[in-house]
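Q: predicted model follows, preceded by the sequence.
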Amino acid sequence: MEQRKIQTVGGGTYTVSLPKEWAESEDCTAGTSVNLHTHIDGLLVIQTPESEAETTSRVSLEIGSDEPDGIEQTLRAAYAAGVESVVLDAPEGFSDAQHRAVERVARNLTGVTVTEATDTRVTVQTLLDASEVSVTQSVRQLQFVALSMHRDATATLTSGSTGDRWGERDEQADRLYAMIDRYFERGLARLDEIDALGLTRPELFGRWATANELERVADHAERIGLVAERLDEPPDEALAADLDDLARDARAVVEDAVRVVIGDAHVDTARQTLSRRRSVCDRVGDLDQRLFESTDADYRLTRVLDSLSRTAQHGGNIAEFGLRMAVRDGGLTDPVPEEGASASGPSAESES
């Protein structure tokens with residue numbers, strides 16, 4: 001980094017000279033036009049039109065006899081990398097299985113569509129506009145989906161019901177996470193993307209990291225549901241009540257932590273959330289010991305306890321992001337009043 005003084009020219013215009021090495025490396029001479037990006041985080045960035053155009057990605061691939069799973073993985077990787085358009089060429093034609101793989105990706109990723117399909121060429125394009133995307137709202141939706149899955153999976157476990165509403169939401173959670181992941185990646189590569197999303201880079205990172213933890217909470221909800229389906233009978237009433245309490249508190253850890261990261265709760269909530277995480281993990285350890293010492297407990301319930309502990313831990317990780325953000329932004333003082341609840345009170349979870 002080097003410092004340069006701002007000067008004035010006729011009419012009061014402010015100017016600053018460009019480093020000669022940078023100008024030569026970008027083929028900039030007198031009369032060259034450059035783009036100036038002013039960002040919400042206070043940065044002014046200079047970029048040549050040519051280098052900016054390089055980030056508008058269009059990828060062409062020849063797939064030949066590639067396996068359908070490989071095609072799907074490639075398209076998902078391109079989506080996550082922020083690629084706008086992928087052209088797949090198959091000189092000898094696409095197989096039915098390859099076509100189905102492309103259609104599956106278009107169906108399961110937000111904003112993706114097939115814009116061209118011939119016997120030898122398929123174009124897959126993402127039509128999402130960053131200015132129409134709210135990463136914060138997507139994180140809220142992902143939290144709702146993950147915790148709804150968790151509630152339904154726990155209810156299946158403790159009541160013996162056969163419904164699997166938790167399973168139906170797994171793809172929705174994956175779609176939401178994939179979209180957030182995509183815009184985080186594009187925010188790293190494109191300067192205009194950050195402004196379109198309306199977030200600073202630290203804010204975008206915090207929401208992406210939160211989404212990453214929430215996606216794992218959804219995975220543990222699925223794991224609890226799968227264990228519940230395989231049990232011959234639900235746990236006895238006392239054990240079921242203990243599992244319900246632990247699951248409810250683990251979800252509260254996640255819910256309160258997310259509120260801190262997205263700005264709906266003060267940093268004090270993050271501290272209380274970390275304390276609750278420790279309590280949940282300690283109680284999980286005690287119950288696991290009781291099951292170990294029991295002569296008639298189903299060993300598969302230890303997997304449930306592990307998932308409940310990990311759910312609380314993922315929530316704690318989110319709370320730690322909230323604390324980190326507060327330290328960085330100077331938000332460790334002056335609590336913000338929360339409507340309808342005190343900062344020290346537990347979050348109310350709807351079981352509807």
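A: Arrived safely.
Q: only C-alpha atoms from now on, for both contacts and neighbour counts.
A: Fine.
Q: if I look at residue 193, how far off is residue 144?
A: Using Cα to Cα, to the nearest Å, residue 193 is found at 26 Å from residue 144.
Q: between those two, which one's more packed in?
A: Using other Cα atoms under 10 Å as the criterion, residue 193 and residue 144 rank with residue 193 on top: 19 against 15.
Q: wait, that one touches residue 187, no?
A: Yes: the pair residue 193 / residue 187 is scored as a contact, 5.3 Å apart, by Cα atoms under 8 Å.
Q: strands of the protein, start to end?
A: In the chain, the strands defined using DSSP state E lie at 7-9, 13-15, 35-38, 44-47, 58-62, 85-89, 112-117, 121-126.
Q: by contact count, what packs against the fifth one?
A: Going back to what we said before, that points to strand 58-62. strand 85-89 (3 or more Cα pairs under 8 Å, 6 or more residues apart in numbering; DSSP states H and E).
Q: how far does the strand it packs on sit from the chain's center?
A: Here the centre of strand 85-89 is set off from its chain's centre by 26 Å, with Cα atoms, centre = their mean, to the nearest Å.
Q: give me the angle between it and strand 112-117.
A: Calculated by axes from the mean of the first three to the mean of the last three Cα atoms, to 10 degrees, strand 85-89 forms an angle of 40 degrees with strand 112-117.
Q: what's strand 85-89 packed up against?
A: The contact analysis (3+ Cα pairs under 8 Å, 6+ apart) places strand 85-89 against strand 58-62, strand 121-126.
Q: out of these, which one sits most buried?
A: strand 121-126 (a mean of 19; mean count of other Cα atoms under 10 Å).
Q: direction included, what does that one pair up with?
A: Strand 121-126 has its sheet partners listed here by DSSP bridges as strand 85-89 (antiparallel), strand 112-117 (antiparallel).
Q: so which of those strands is the most packed in?
A: Comparing the strands paired with strand 121-126 by mean neighbour count (mean count of other Cα under 10 Å), strand 85-89 comes out on top with a mean of 21.
Q: got a list of contacts for that strand?
A: 57-64, 75, 78, 120-126 (Cα atoms under 8 Å, 6 or more residues apart in numbering).
Q: just to revisit the earlier point, generate TSV for the strands paired with strand 121-126, with mean pLDDT and distance to residue 326 as supplementary columns.
A: Shown next, in TSV, are the strands paired with strand 121-126 (pLDDT from 0 to 100; distance: least, Cα to Cα, whole Å):
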stretch	mean pLDDT	distance to residue 326
strand 85-89	93	38
strand 112-117	92	36
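Q: in a markdown table: these, plus distance to residue 153.
A: Listed next are the strands paired with strand 121-126 as a markdown table, based on distance: least, Cα to Cα, whole Å:
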| stretch | distance to residue 153 |
| --- | --- |
| strand 85-89 | 37 |
| strand 112-117 | 30 |
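Q: the domain parsing of the protein - what is it?
A: The record's domain parsing of the chain by automatic domain parsing lists 7-53, 58-130, 131-329.
Q: of the ones you listed, which stretch is the most buried?
A: Among these, domain 131-329 has the highest mean neighbour count (mean count of other Cα under 10 Å), at a mean of 20.
Q: first-to-last residue distance for that domain?
A: In terms of Cα to Cα, the two terminal residues of domain 131-329 are separated by 25 Å.
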